[in-house]
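>>> Would you be able to build a 3D model of this:
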Amino acid sequence: MSEESPPAGELARSKAGGSLEGGAEVDAGRARRFWSARRVPASVVALIVLVASGFLLYDVVSVRAGRPGMHWRRWLAHKLSTVHLDNTWVLASTAALTAIGLWLVVTAVTPGLRRLLPIQRPCGDIRAGLERSAAALILRDRAMEISGVQSAKLSVGRRRVKAHAISHFRNLDDVREELRTTLDQELRGLALARRPKLSVHATRAKRR
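Residues are numbered from 1 along each chain as shown. Got it, this is the predicted structure:
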């Protein structure tokens, strides 16, 4: 005789965040967002620094050995002494370098990994996160269990959850109220460090 399996939402929630029951005290303020490794920006910066350092080092060694400086350095010095600052190429190059610099600064000071939602930490040694797509799937399954809901679409963001349900019977106000209550309880059960605001919409199914 087989044991009764837990609901899909409870199983996914237990896998994603672990159980927070049993009297464990949760410190939601310590659960911060996950930081991305930033491999692409780091690789770009490392490649630029490596190439520039290699050219400059070769040129310095060449000049110290009594040979003339590289052509690109003499050409660049001549251009810098003759080209005006309001030149189109100078302005375009400055804008491009500024954009790249701002991009590097933004990627350096922001966490990234927007698809992961931090979960409350039952203790200081455990960190857990739930993907937004998984959270949307759990909430959609719970919405489909509500009487009168024919289909449901959930959009989960870091600050807001948008639910849109199509009902083929029952009063829309009743469906909307039950949907709001059920999804709010499910969001509490997900134990997110920062629970997003819930926005619920219900419409009638189109007649064929």
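
>>> Now do the same contact list for the residue sitting furthest away from the middle of the chain.
Within the chain, the residue lying farthest from the chain centre (Cα atoms, centre = their mean) is residue 66, at 54.2 Å. By Cβ atoms under 8 Å, 6 or more residues apart in numbering, residue 66 lies in contact with nothing. From N, CA and C alone the C-beta is placed, and that goes for glycine too.

>>> Which secondary structure state is assigned to it?
coil (DSSP: H, G, I helix; E, B strand; the rest coil).

>>> Tell me how far it lies from residue 185.
80 Å (Cβ to Cβ, to the nearest Å).

>>> ok so, going back, next, give phi and psi for the residue farthest from the centre of the chain.
phi 90, psi 10 (degrees, to the nearest 10).

>>> other SSEs contacting the host helix or strand of residue 95?
Using DSSP states H and E, residue 95 maps to helix 88-109. Other elements packing on helix 88-109 under the criterion 3 or more Cβ pairs under 8 Å, 6 or more residues apart in numbering; DSSP states H and E are helix 39-64.

>>> Distance from the helix it packs on to the middle of the chain?
32 Å (Cα atoms, centre = their mean, to the nearest Å).

>>> still on that earlier bit, can you pull the pLDDT of the residue farthest from the centre of the chain?
What the model reports as pLDDT for residue 66 is 80.

>>> quick one: low-confidence parts of the chain?
1-31, 122-125, 208 (pLDDT under 70).

>>> Following the record's annotation, map out the domains of it.
9-17+116-204, 39-109 (automatic domain parsing).

>>> Now do the strands for the chain: every range, in order, please.
116-118, 129-131, 149-156, 160-167, 197-204 (DSSP state E).

>>> In a markdown table, list those strands along with distance to residue 85.
Shown next, in a markdown table, are the strands of the chain (distance: least, Cβ to Cβ, whole Å):
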| stretch | distance to residue 85 |
| --- | --- |
| strand 116-118 | 45 |
| strand 129-131 | 48 |
| strand 149-156 | 48 |
| strand 160-167 | 46 |
| strand 197-204 | 49 |
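
>>> Tell me which of those sits most buried.
Among these, strand 116-118 has the highest mean neighbour count (mean count of other Cβ atoms under 10 Å), at a mean of 22.

>>> Mind giving me the packing neighbours of that one?
strand 129-131, helix 132-144.

>>> Of the ones you listed, which is nearest residue 162?
Each of the helices and strands packed on strand 116-118 has some distance to residue 162 by Cβ to Cβ; the shortest is helix 132-144, at 9.7 Å.

>>> and the closest one, how far from the chain's centre?
Taking mean C-alpha positions (Cα atoms, centre = their mean), helix 132-144 and its chain are 18 Å apart.

>>> Give me the angle between it and strand 197-204.
Put simply, helix 132-144 runs at 50 degrees to strand 197-204, going by axes from the mean of the first three to the mean of the last three Cα atoms, to 10 degrees.
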